[in-house]
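K.L.:
Okay, here's the prediction I keep looking at, along with the sequence it came from:
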Amino acid sequence: MPYTKRRRLVSSAVAVALGATALAACGSSSDDDAAQSGPVSLTYWTWTPGMDKVVDLWNKGPGKKEQITVTVKKQASGDTLVTKILTAHKAGKAPDLVQAEYQALPTLVSNDALADIGDDVGDAKSKFADGVWQQTTLGTDAVYAVPQDIGPMMFYYREDLFKEYGLSVPATWEEFAETARALKKKAPDKDLTTFSANDSGLFAGLAQQAGARWWTTSGDKWKVGIDDAATKRVAEFWGGLVEEGAIDNQPMYTPAWNKALNTGKQIAWVSAVWAPGTLTTAAPDTKGKWAMAPLPQWGDGESRTGSWGGSSTGVTTDSGNKEAAAKFATWLNTDGDALNALAKEGGIYPASTSAQLSGAFTTAPEYFSNQPDFYRKAADIAETTAPSAWGPNVNVAYTTFRDAFGAAAKNKSGFTAALTTMQEDTVADLKKQGFGVAE
Amino acid sequence: MSSVALRKAEPAAGTTRGPARPRRIALVPTLTLLLGAVYCLLPVAWVVIASTKSGSELFSTFTFWPGTGFADNVADLSAYRDGVYWQWMGNSALYAGLGALLSTCVSAVSGYALAVYRFRGRESLFNVLLAGVLMPPVILAIPQYLLLAKADLTDSYLSVLLPQILSPYGVYLARIYAAAAVPSDVVEAGRMDGAGEWRIFSRVALPMMVPGLVTVFLFQFVAIWNNFLLPYIMLSDDEKFPITLGLYTLLEQGANTPALYTLVITGAFLAVFPLVALFLVIQRFWSLDLLSGAVKS
């Protein structure tokens, strides 16, 4: 992996850190001003299921009028796709459009793979919550992608079992810990939930809710705040619960975890808006027994949530038709019909605020038919998403998280040391890549 | 694999043996081998059984208890994106079949040349080749991608086929085998009789090398069939994907979509069959070396 990245980085690294002006320059420098007149065809790397059907709508509708044809090339999601895009970009062969998770955007931008499409997306900004839009600008004047889907975090719990054990839905994390302990007392073989050291995205979201900002820029340097006070608080909280045995320490998304959810051994799950899909396959027997509530808060009267997952559509610097590509990206993520189709075919939760309550989202997901206002509530929660701050080596931070927290969770040894490791490794990698790092 | 050879070695009934002596079973080696067999076969058994389970049974029923959904799983898999799975299977067969065949041809010619002809730099060439054997093909994938991108060949069938044709290991095996199986006397005799070099190679040496070449073919076939990184880097169009890559896209669908476990497991199960069939068909060639050979010493 590092093989592909090194070269470009050193030269473009500083540019990113510098922010707006330098970024805007490298984005719009190439050939997009050669106005296209004839028909244009674009390729699009995406992992969203059913995207080809959504793109058909474009190719038969607005795309036909504008003579812009888009071809979908379905990919596997994840960090490996970022590497693949960067490799292709190195050869000048990246597709016109790519799907990218928010935390991957700084990596792609610092490798000069994503173009600034700020001039071509019109008033798209108004369709999204500020916290969401900010992730695609990286805090500059440029726009590197159009938000597609988001994953605001929520608290899921077994309504029936909570009643059975006389538990109430925790409004704060303090109450959450009390609930976990109370359950242990009443039913020692059950756990409220688990802390999974496999899912860096979950921890990042929880830290984001607590107000952590892991990567920020100061002057022309990156500042890494993975061990800041907010993250420490989150790490100590979960580490403490694991240490005292109030919650489980097994990873999620394993057959054992599925079984624990399905049999009611674990009775709650801190997750995001896409949980119904996961629960449908993981815990099919408990359909209709779950309910969703906002995430517990750190302070009374607060209402903030983090995000776990979500992605955007970016235009690459290799594209010969950036304007056309940006036009498609805007349509895909703001047009009502497109978003409806995306929700139906791809099961996404749209980033666009107007779509969060229309079409597929007027009725609750089938798994949550007992909670008819599921999406109404989800939209309210999504609005409270705390801003996030991603940097150019999220993958390194995530890998270290899995290693260090994985070991700590297994040994039940508290997470403070693991957090320090994560901070140090991330800083060391940034330096190694040639970025300036403020201490 | 050894069944054919064993049967041949068996004496005809009632010819030589006296009354059967009770055989002592060596306990420790047998146990060790049994343990090894269980270790290897358990995951296979898991895949076989898991592929019969429907989505709701997969994680909720006992692991080694067969489910009821095999037919549905296969139907779902065939229906996924208009049967793209079978397209992947076809692609894999093409990459592995044609790739292994071409690779075997190249290995045969070069291995034969290295074994039979003496020329300046032969040994250093062979040593470079040996270094190539030690080099894992994975680290070559990205340079190969950059090279093929220059030739505008990425995202094509050729981009996956071409890099796999030259296999250092195949050439190495072919040379070793040619050196052992093709006696220089035979080549000399061919020359005496006035046969051209090509004729000697194709009519005399090649038949002698067949068992070795079958090994090369099988090795390459399996290597290409299981290869992941090269096609992953080269291809972006999922209709050109081999099966490894296709199943990976089923698994990594993004955070908001659950992985299609049942489809992946069924897909992996079905993908084993061509390999098993190939081994069953081709293994008979391995026993040929017992019968062939022109010069007895």
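P.N.:
Ah, there it is.
K.L.:
only C-alpha atoms for contact and neighbour calcs from this point on.
P.N.:
Fine.
K.L.:
Chain B contacts on the stretch 251-400 of chain A?
P.N.:
A:255-256, A:258-259, A:262, A:274-275, A:277-278, A:281-282, A:284, A:309-310, A:346-348 (CA under 8 Å from any CA of the partner chain).
K.L.:
quick one, what contacts residue 225?
P.N.:
Defaulting to chain A. A:212-216, A:423 (CA atoms under 8 Å, 6 or more residues apart in numbering or on different chains).
K.L.:
my bad, chain B
P.N.:
Applying CA under 8 Å, 6+ apart, we find residue B:225 in contact with B:92-93, B:95-96, B:242-244.
K.L.:
Looking at the residues you listed, state which has the most neighbours.
P.N.:
residue B:242 (30 neighbours; other CA atoms under 10 Å in any protein chain shown).
K.L.:
And for the closest residue to chain A within chain B, nearest residue in space, chain neighbours not counted?
P.N.:
Nearest to chain A in chain B, going by CA to the nearest CA, is residue B:249, at a distance of 4.2 Å. Nearest residue to residue B:249 in three dimensions, chain neighbours excluded: residue A:76, at 4.2 Å (CA to CA, 6 or more residues apart in numbering or on different chains).
K.L.:
quick one: which of the contacts of residue A:225 is most hemmed in?
P.N.:
residue A:212 (25 neighbours).
K.L.:
Might one say that that one is in contact with residue A:231?
P.N.:
Yes: when contacts are counted by CA atoms under 8 Å, residue A:212 is listed as touching residue A:231 (5.7 Å).
K.L.:
Of all the residues in stretch A:140-149, which ones are buried?
P.N.:
Going by neighbour count (16 or more other CA atoms under 10 Å in any protein chain shown), the buried part of stretch A:140-149 is A:140, A:142-149.
K.L.:
Is it in proximity to chain B?
P.N.:
No: shown here: stretch A:140-149 not in contact with chain B (CA under 8 Å from any CA), separated by at least 9.1 Å.
K.L.:
CA atoms only for that stretch - export them in CSV, please.
P.N.:
Provided in CSV are the C-alpha atoms of stretch A:140-149 (Å, rounded to 0.1, in the frame of the first residue of the first chain):
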residue,chain,number,x,y,z
THR,A,140,-11.4,25.1,2.5
ASP,A,141,-13.1,27.1,-0.2
ALA,A,142,-12.9,24.1,-2.6
VAL,A,143,-15.4,21.3,-3.0
TYR,A,144,-14.0,17.9,-3.5
ALA,A,145,-17.1,15.7,-3.6
VAL,A,146,-20.9,15.8,-3.2
PRO,A,147,-22.2,14.0,-0.2
GLN,A,148,-24.2,10.9,-0.9
ASP,A,149,-25.1,9.0,2.2
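K.L.:
chain center to that stretch, what's the gap?
P.N.:
14 Å (CA atoms, centre = their mean, to the nearest Å).
K.L.:
and that stretch, what's its mean pLDDT?
P.N.:
Average pLDDT, stretch A:140-149: 93.
K.L.:
And stretch B:45-64, by the same measure?
P.N.:
83.
K.L.:
Pull out the buried positions in it.
P.N.:
When burial is assessed from 16+ other CA under 10 Å, stretch B:45-64 yields the following buried residues: B:46-60.
K.L.:
Keep only those residues that also lie close to chain A.
P.N.:
B:55-56, B:59-60.
K.L.:
I'd like to know which of those is nearest to residue B:193.
P.N.:
residue B:55 (68.9 Å; CA to CA).
K.L.:
residues near the residue nearest to the closest one when sequence neighbours are not counted, how many?
P.N.:
Of all residues not flanking residue B:55 in the chain, residue B:262 sits nearest, at 5.9 Å (CA to CA, 6+ apart). Neighbours of residue B:262 under the rule other CA under 10 Å: 26.
K.L.:
I'd like to know which elements the one helix or strand residue B:262 maps to is packed against.
P.N.:
For residue B:262, the enclosing helix or strand under DSSP states H and E is helix B:261-282. Applying 3 or more CA pairs under 8 Å, 6 or more residues apart in numbering or on different chains; DSSP states H and E, one finds that helix B:261-282 contacts helix B:27-50, helix B:55-58, helix B:70-79, helix B:206-226, helix B:243-251.
K.L.:
Just to check, the residue of chain B closest to chain A is in contact with residue A:78?
P.N.:
No: when contacts are counted by CA under 8 Å, residue B:249 is not listed as touching residue A:78 (10.2 Å).
K.L.:
These two - which one has more neighbours?
P.N.:
Remark: of residue B:249 and residue A:78, residue B:249 carries more neighbours, 22 against 17, as counted by other CA under 10 Å.
K.L.:
got the contact list for residue A:159?
P.N.:
A:289-291.
K.L.:
Residue B:251 now?
P.N.:
A:76, B:259-261, B:264.
K.L.:
Likewise for residue B:174?
P.N.:
Residue B:174 is in contact with B:107-108, B:110-112, B:209, B:212-213, B:216, counting by CA under 8 Å, 6+ apart.
K.L.:
Now narrow those residues to whatever sits close to chain A.
P.N.:
Answer for these near chain A: none qualify (CA under 8 Å from any CA).
K.L.:
of these, closest to residue A:363?
P.N.:
residue B:216 (59.3 Å).
K.L.:
Next, work out how far apart the closest residue to the closest one other than its chain neighbours and residue A:167 are.
P.N.:
The shortest distance from residue B:216 to any non-neighbouring residue, by CA to CA, 6+ apart, is to residue B:170 (5.4 Å). Distance from residue B:170 to residue A:167, counting by CA to CA, to the nearest Å: 66 Å.
K.L.:
What of residue A:391?
P.N.:
40 Å.
K.L.:
These two: which is more packed in?
P.N.:
Neighbour count, other CA under 10 Å: between residue A:391 and residue A:167, residue A:391 has more, with 25 against 15.
K.L.:
And the pLDDT at the more buried one?
P.N.:
Model confidence at residue A:391 (pLDDT) stands at 91.
K.L.:
Same question for residue A:278.
P.N.:
At residue A:278, pLDDT is 86.
K.L.:
burial measure for it, as a count.
P.N.:
Neighbours of residue A:278 (other CA under 10 Å): 18.
K.L.:
quick check, it in a helix?
P.N.:
Yes: under DSSP: H, G, I helix; E, B strand; the rest coil, residue A:278 falls within a helix.
K.L.:
now the stretch 1-150 of chain A, which segments are flagged as low pLDDT?
P.N.:
A:1-37 (pLDDT under 70).
K.L.:
neighbours of residue 175, just the number please.
P.N.:
Went with chain A since none was named. With other CA under 10 Å as criterion, residue A:175 counts 16.
K.L.:
Wait, chain B was what I had in mind.
P.N.:
If we define neighbours as other CA under 10 Å, then residue B:175 has 25 of them.
K.L.:
Many thanks, I have nothing further to ask.
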